[in-house]
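Asks: model this:
(chains A and B)
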Amino acid sequence: MSAMISRPKGTEDRLPAETGKWLQVEKVLRDISERFNYREIRTPIFEHTELFTRTVGETTDIVEKEMYTFKDRAGRSLTLRPEGTAPVGRAYIENGLHSGPQPVKVYYIGPMFRYEKPQAGRYREFVQYGAELLGSSSPLCDAEVIFLAIEICNTLGLTETTLHLNSIGCPGCREGYRKALTEYLGAREADLCDDCRRRLGRNPLRVLDCKNETCRAILAGAPSMFDYLCAGCKEHFETLGKLLTGMGMTYRIDPSLVRGLDYYTRTVFEVKWPPLGAQDAILGGGRYDGLVEALGGPSVPGVGFAIGLERLLMAVEKGKNPPQGWERLDCFVCYVDDALACGALEIANRLRAAGVRADFDQLGRSLKAQMKQASRYEARYAVLLGPEEAARGVATVRSMDEGWQREVRLERMEEEMLSLRQR
RNA sequence: GUGGAUGUAGCUCAGUCGGCUAGAGCGCCAGGUUGUGGCCCUGGAGGUCGGGGGUUCAAGUCCCCUCAUUCACCCCA
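Replies: Presented below is the predicted three-dimensional model:
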């Protein structure tokens, strides 16, 4: 045997035993999205690197150290997408969706890639579901998108979630706040942790969510973003709050919620599910009014969020109605000697054509072993085909659950299995 | 990038103070029943003890290095 090749760090094989659960969760996501009138969009897995450096931000962790960037054979710099919003913005412009009816409401499900050190709930290849609403700056949209997110969680049985909400203002008022914060922190620079001293020069807002104790103490007296919000941003935030409350939703205003992507404006939010442990944010999102323009399109606002499906699935499995993810086989066709293998294949194929989930032995095993296999597939029924029955044009149908068995004419087999399956 | 934990059969794990040919349960294959699954019984296959080096008469066990996995920090989904 040659040396074994293992999967790359931070990736996962999804085996048949679990893909059923994924399909179930994905189906819920699609159904709810369509009900909210979001349509699926599929964009490339890789994009020009600049798409992300321009929108996500040069100083963010994602761009600084987490991107899978490579040169193709023609020397172009490409990047495996680390997130889904910028590609949607690009596609929106490139396909002229801004010239069609607004708003544009889309969702996606697909793999994202970030070069991080893996741990529980964090992978280098992970799957995100995302919903994006472009073309309106109304807080109604923020509210709808957040409601959609919570609706997904509730439908999947995740009721103990907490919604964290904040406003980071527009570029205008954020600049004022940034100055004030930089000034305040600059005066206390010596007491900040190493990380925060570095952040101070590059991206001072990031100091806000530092967990270091002394940094937190310093931040307690720091100026608050809320005092610097312009009239428009303030009104937007307050209206959103009223809308959420009106929909019966509870949320926590969390001034430390900053989010690690530069394109966010005004609303940012996160939904956490504490039982998950360290990586307990199952979804996050916000408003991005400058994104489309930054990509060379018209000035079009947008708002959206993304769910990490691995985390969502971990939570759902710990939650109230975990997906079972395995469907029983309807019928396993057994044959008594090799000469009848062809007959078994024919019966199985006829059942399949009739819509019955059917299989038969392909290893030439003993009848006993075939029955065992039928058990392993959790088949509801076994069909036994022996020489005597074959000669008489019948086969034995056995209920694997109840143990009874009876003869059925071969030409009636589809009909019989279909009606048995109804029970 | 930093720190901790763990690497023994397909899976979950025992393996004492360094000492025979490295074990169990589950799973897999076969037989017990020449045409019948689950339960039970019997047998079988399956291991470079992550890899490399060192100490020793002797290493799964001790030491060093390395790789991988995992958890946490950072950050995020």
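
Asks: give the contact list for the one residue in the stretch 151-300 of chain A that gets nearest to RNA strand B.
Replies: Nearest residue of the stretch 151-300 of chain A to RNA strand B: residue A:260, at 1.3 Å (Cβ to the nearest atom of the strand). Heads up, the C-betas are built off the backbone N, CA and C, glycines and all. Applying Cβ atoms under 8 Å, 6 or more residues apart in numbering to residue A:260 gives the contacts A:60, A:61, A:62, A:206.

Asks: just those residues now: which is nearest RNA strand B?
Replies: Nearest to RNA strand B, judged by Cβ to the nearest atom of the strand, of the contacts of residue A:260 is residue A:61 at 3.8 Å.

Asks: Chain neighbours aside, what residue packs nearest to the closest one?
Replies: Using Cβ to Cβ, 6 or more residues apart in numbering and skipping the chain neighbours, the partner closest in space to residue A:61 is residue A:260 (5.9 Å).

Asks: longest helix anywhere in chain A?
Replies: helix A:16-35 (DSSP state H).

Asks: Do that one and RNA strand B come into contact?
Replies: No: shown here: helix A:16-35 not in contact with RNA strand B (Cβ under 7 Å from any atom of the strand), separated by at least 11.7 Å.

Asks: What's the first helix or strand after that helix?
Replies: On the C-terminal side of helix A:16-35, the nearest following helix or strand under DSSP states H and E is strand A:39-40.

Asks: now for that following strand, which elements pack on it?
Replies: helix A:16-35, strand A:104-113 (3 or more Cβ pairs under 8 Å, 6 or more residues apart in numbering; DSSP states H and E).

Asks: Double-check residue A:384 against residue A:331; I have them as touching.
Replies: No: Residue A:384 lies out of contact with residue A:331 (Cβ atoms under 8 Å); the separation is 11.3 Å.

Asks: And these two? Which one has more around it.
Replies: Comparing residue A:384 with residue A:331 by other Cβ atoms under 10 Å, the one with more neighbours is residue A:331, at 27 against 22.

Asks: Can you classify residue A:258 by secondary structure?
Replies: Put simply, residue A:258 is coil when judged by DSSP: H, G, I helix; E, B strand; the rest coil.

Asks: all strands of the stretch 251-400 of chain A, in order?
Replies: For the stretch 251-400 of chain A, the strands defined by DSSP state E, counting those that start in this stretch occupy A:252-253, A:265-272, A:281-287, A:302-308, A:331-335, A:358-360, A:381-385, A:394-399.

Asks: The third one packs against which elements?
Replies: If I follow you right, that is strand A:281-287. Counting contacts by 3+ Cβ pairs under 8 Å, 6+ apart, strand A:281-287 packs against helix A:139-155, strand A:265-272, strand A:302-308, helix A:309-318.

Asks: Mean neighbour count, mean pLDDT and distance to RNA strand B for the ones you listed - can I get that in JSON lines?
Replies: Shown next, in JSON lines, are the helices and strands packed on strand A:281-287 (neighbours: other Cβ atoms under 10 Å; pLDDT from 0 to 100; distance: least, Cβ to the nearest atom of the strand, whole Å):
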{"stretch": "helix A:139-155", "mean neighbour count": "20", "mean pLDDT": "97", "distance to RNA strand B": "10"}
{"stretch": "strand A:265-272", "mean neighbour count": "24", "mean pLDDT": "95", "distance to RNA strand B": "7"}
{"stretch": "strand A:302-308", "mean neighbour count": "25", "mean pLDDT": "97", "distance to RNA strand B": "3"}
{"stretch": "helix A:309-318", "mean neighbour count": "20", "mean pLDDT": "92", "distance to RNA strand B": "5"}
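
Asks: Let me have these in TSV, extended by distance to residue A:24.
Replies: Rendered in TSV, the data for the helices and strands packed on strand A:281-287 read as follows (distance: least, Cβ to Cβ, whole Å):
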stretch	distance to residue A:24
helix A:139-155	11
strand A:265-272	20
strand A:302-308	15
helix A:309-318	9
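
Asks: Which one of the ones you listed lies nearest to residue A:380?
Replies: Closest of those to residue A:380 is helix A:309-318, at 26.0 Å (criterion: Cβ to Cβ).

Asks: Tell me which residues are up against that closest one.
Replies: Taking Cβ under 8 Å, 6+ apart as the rule, helix A:309-318 contacts A:12, A:21-22, A:25-26, A:109, A:121, A:123, A:126-129, A:156-158, A:273, A:275-276, A:279-283, A:322-323.

Asks: and what of stretch A:338-353?
Replies: With contact meaning Cβ under 8 Å, 6+ apart, stretch A:338-353 is reached by A:330-331, A:333-335, A:358-361, A:364, A:383, A:385-387, A:390, A:395, A:410, A:413-414, A:417.
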